[in-house]
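Novice: Sequence plus the predicted model coming up.
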Amino acid sequence: MTDFIMFVLGAVALLATPGPTNTLLATSGAIRGVRSSLALLLAEAAGYMCAILVLRTLLGPLLADHAFLTQVLSGLVCAYLLYLSWALWQMSSLPQEKDAKISMGSVFVTTLLNPKAVIFAYVLLPAGDLPDIAPWLGALLALIALCGTGWILIGAAVMPQAGQRPELGYRTGAIALFVLAMILGTRASGMT
């Protein structure tokens, strides 16, 4: 029971930490509002579950044997975050359509590449096969929904003017993703 409580506390702390997925959720909350953004939680959950399963079953043994691949993977994630930052910035300068929004696909891919998935896969989740950790994954899905909703609400509350000026929400998200990419890039290159 103590292990499960520690898992829940660790997962909440990790999911509450600002990151690329949370930036997209908050940006969507600011631009599209809470109700329109809630569907993105499905993409976030799918991204984390796919990443955890791939990490645990396929990449785990490979990364254990070839440490340099961890840096390569971090570099690829950094490059994707830079691309996503650029794309959000570009969206800020386009005429905004009424239905313009952050897509399910962008949230899925961002979450799939989110370094937090590594912590879930190798640190927070217990050892064992998929049937052994299924209850833990179920709890993680509930926590993803809870914390993701929190980020959407934060975006809607902190930047209500972004609904009238969507470029502000997109640019704020783009800057946040750029900073995250720089932090990850310095770690991937061994500078920190």
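Specialist: All right, it came through fine. Numbers count the residues shown, from 1 in each chain.
Novice: Quick check: buried residues in the strand or helix carrying residue 137?
Specialist: If you go by DSSP states H and E, residue 137 is part of helix 130-158. Judged by neighbour count using 16 or more other C-beta atoms under 10 Å, the buried positions of helix 130-158 are 133, 136-137, 140-141, 143-145, 147-152, 154-156. For every residue, glycine as well, the C-beta is placed using N, CA and C.
Novice: same for it, what does it pack against?
Specialist: Counting contacts by 3 or more C-beta pairs under 8 Å, 6 or more residues apart in numbering; DSSP states H and E, helix 130-158 packs against helix 2-16, helix 20-32, helix 34-37, helix 40-54.
Novice: got the buried residues for the shortest one?
Specialist: Within helix 34-37, the residues that qualify as buried by neighbour count (16+ other C-beta under 10 Å) are residue 37.
Novice: Could you name the helices and strands sitting against that helix?
Specialist: On a contact count with 3+ C-beta pairs under 8 Å, 6+ apart, helix 34-37 meets helix 20-32, helix 130-158.
Novice: By mean pLDDT, which helix or strand of the chain comes out lowest?
Specialist: Ranking every helix and strand in the chain by mean pLDDT, DSSP states H and E puts helix 166-188 at the bottom, with a mean of 70.
Novice: what sits against the residue nearest the centre of the chain?
Specialist: The chain has residue 21 as the residue nearest its centroid, 2.7 Å off, counting by C-alpha atoms, centre = their mean. With contact set as C-beta atoms under 8 Å, 6 or more residues apart in numbering, residue 21 has these partners: 44, 47, 107, 110-111, 114, 116, 148.
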